[in-house]
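Pasting the sequence and the predicted model now:
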Amino acid sequence: MKKISIGSWAYTIGPYEKDPVDFFTVCEKLKELGFDGVELGGFPPHPNPDDLPDQGQRHEVAARVRDMGLEFSGLAANLWGEHLIDTDDPAAYISEFRKNCEFCTDMGIQTIRVDTVQPPTIFESVDPATAFQRVVDTWTECCSIAEGHGLQVSWEFEPGFAFNKPSDVVKVLDAITSANFGVMYDTCHGQMVAVVGARHPGEKEILAGGQLELIKMLTGRINHLHFIDSDNTCHKAADGTDETSSHPPFGLGVLDFDTLVPALVKEPVTHDWWTIDLCFWPDAWQATASCKKSIDALNDRYGVREETR
């Protein structure tokens, strides 16, 4: 069976920004609901490198999480304040990435999440070829740093960030040959990228085979999984424009998980984590229990390793 976690950012950003849920309150709820772990949103007010600068502090928090019967499935590193595409000097980004790798090591976390930071509109001011090379060069160096810490680097592609077309994702994967680099496949982002073509610059790139075709395009290079539904819409930014994929709870969208999950479980992901992602959902705290029941049902049907069937 797979181990189940949920992203802690669901309770700190968006609708929860002004009244975030304390990290250990989150952990207590997850323990009560039978979760195996938590995926850490490594930014305030939850544990993060800046608020826990000392190794001892980090070990103390990690031990407390373990004592609650939970593990960390990964880290969403706080790199959104850095410049990745719109600068020819990646030093600040790389320094922040290195700091988050050290944090992972101290916390016992094995996967670090990245994205391309800047939105797809960045191509209005930065040439796509230049942007591509900056991402590839910087992430290649980051993968080397992560390798020294024994970490996997997982890129979460999505409508809200540059290089969000299916062919873009493949192109980046082809260019970064580091063994510890791969993509995070989030089912709502897969829908919006492959089926809806949300926020694609220029002409939309829609796949006739939908998410199954996208999964096939990425096969062998998926190293982390997020599960949540999609209603074929984007979450709205403060000004009312599309930002990134909506993350409705299971059953409130259009996804056929009995088709998607069997395809995804065939991927050679090197760990057993399935992570629920309720990012920006207004009732995430209340929806957590129902999402756990839904993913448990999927786990019962598809979570057993092939060799044990």
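Arrived safely, thanks for sending.

where along this structure do the helices fall?
23-33, 55-67, 91-107, 128-148, 166-175, 187-191, 210-217, 257-264, 284-302 (DSSP state H).

Including distance to residue 202 and mean pLDDT, could those go into a markdown table?
For glycine as for every other residue, the C-beta is placed from the backbone atoms N, C-alpha and C. Shown next, in a markdown table, are those (distance: least, CB to CB, whole Å; pLDDT from 0 to 100):
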| stretch | distance to residue 202 | mean pLDDT |
| --- | --- | --- |
| helix 23-33 | 40 | 98 |
| helix 55-67 | 44 | 98 |
| helix 91-107 | 26 | 98 |
| helix 128-148 | 10 | 98 |
| helix 166-175 | 11 | 98 |
| helix 187-191 | 19 | 98 |
| helix 210-217 | 19 | 98 |
| helix 257-264 | 28 | 98 |
| helix 284-302 | 34 | 98 |
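
just these: most buried one?
helix 187-191 (a mean of 27; mean count of other CB atoms under 10 Å).

what's the spacing between residue 165 and residue 172?
11 Å (CB to CB, to the nearest Å).

follow-up on the earlier one: out of the helices of the chain, nearest to residue 277?
In terms of CB to CB, the element of the helices of the chain nearest to residue 277 is helix 187-191, at 7.3 Å.

returning to what we had before: need the helices of the chain in TSV (columns: distance to residue 117).
Formatted as TSV, those follow (distance: least, CB to CB, whole Å):
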stretch	distance to residue 117
helix 23-33	24
helix 55-67	25
helix 91-107	8
helix 128-148	9
helix 166-175	14
helix 187-191	16
helix 210-217	22
helix 257-264	26
helix 284-302	24
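
gap between residue 256 and residue 183?
Taken as CB to CB, the span from residue 256 to residue 183 is 21 Å.

Between those two, which is the more surrounded one?
Set residue 256 next to residue 183 and count neighbours by other CB atoms under 10 Å: residue 183 wins out with 21 against 10.

Let me know which of the helices of the chain is the nearest to residue 85.
Using CB to CB, those put helix 128-148 closest to residue 85, at 4.6 Å.

what's the offset of the closest one from the middle of its chain?
18 Å (CA atoms, centre = their mean, to the nearest Å).

Give me the contact list for that helix.
84-85, 87-88, 90, 93-94, 97-98, 101, 112, 114, 116, 122-123, 152-153, 155, 162-163, 171-172, 175-176, 178-181 (CB atoms under 8 Å, 6 or more residues apart in numbering).

Out of those, which end up buried?
84-85, 90, 93-94, 97-98, 101, 112, 114, 116, 122-123, 152-153, 155, 162-163, 172, 176, 178, 180-181 (16 or more other CB atoms under 10 Å).

returning to what we had before: quick one: which of the helices of the chain is nearest residue 48?
helix 91-107 (7.4 Å).

quick one: the closest one to helix 128-148, angle?
Using axes from the mean of the first three to the mean of the last three CA atoms, to 10 degrees, the direction of helix 91-107 lies 30 degrees away from that of helix 128-148.

let's have the chain start at 825 instead
New numbering, starting at 825: the last item is helix 915-931.

Flag every buried residue along stretch 889-909.
Per 16+ other CB under 10 Å, stretch 889-909 contains these buried residues: 889, 894-903, 906, 908-909.

Can you show me the CA trace of it as PDB?
Extracted in PDB, the C-alpha atoms of stretch 889-909 (Å, rounded to 0.1, in the frame of the first residue of the first chain):
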ATOM      1  CA  VAL A 889       6.700  14.900  14.000                       C
ATOM      2  CA  ARG A 890       8.000  11.300  14.200                       C
ATOM      3  CA  ASP A 891       6.700  11.000  17.800                       C
ATOM      4  CA  MET A 892       3.300  11.700  16.300                       C
ATOM      5  CA  GLY A 893       3.700   8.800  14.000                       C
ATOM      6  CA  LEU A 894       4.200  10.900  10.900                       C
ATOM      7  CA  GLU A 895       6.900  11.300   8.300                       C
ATOM      8  CA  PHE A 896       7.800  14.000   5.800                       C
ATOM      9  CA  SER A 897       7.000  13.100   2.200                       C
ATOM     10  CA  GLY A 898       8.800  16.100   0.800                       C
ATOM     11  CA  LEU A 899       9.500  19.900   0.900                       C
ATOM     12  CA  ALA A 900       7.900  22.600  -1.100                       C
ATOM     13  CA  ALA A 901      10.900  25.000  -0.900                       C
ATOM     14  CA  ASN A 902      10.300  28.700  -0.600                       C
ATOM     15  CA  LEU A 903      12.000  29.900  -3.800                       C
ATOM     16  CA  TRP A 904       9.300  32.200  -5.000                       C
ATOM     17  CA  GLY A 905      11.100  35.300  -3.900                       C
ATOM     18  CA  GLU A 906      14.000  34.500  -6.200                       C
ATOM     19  CA  HIS A 907      14.700  35.200  -9.800                       C
ATOM     20  CA  LEU A 908      15.200  32.200 -12.000                       C
ATOM     21  CA  ILE A 909      14.200  33.200 -15.500                       C
END
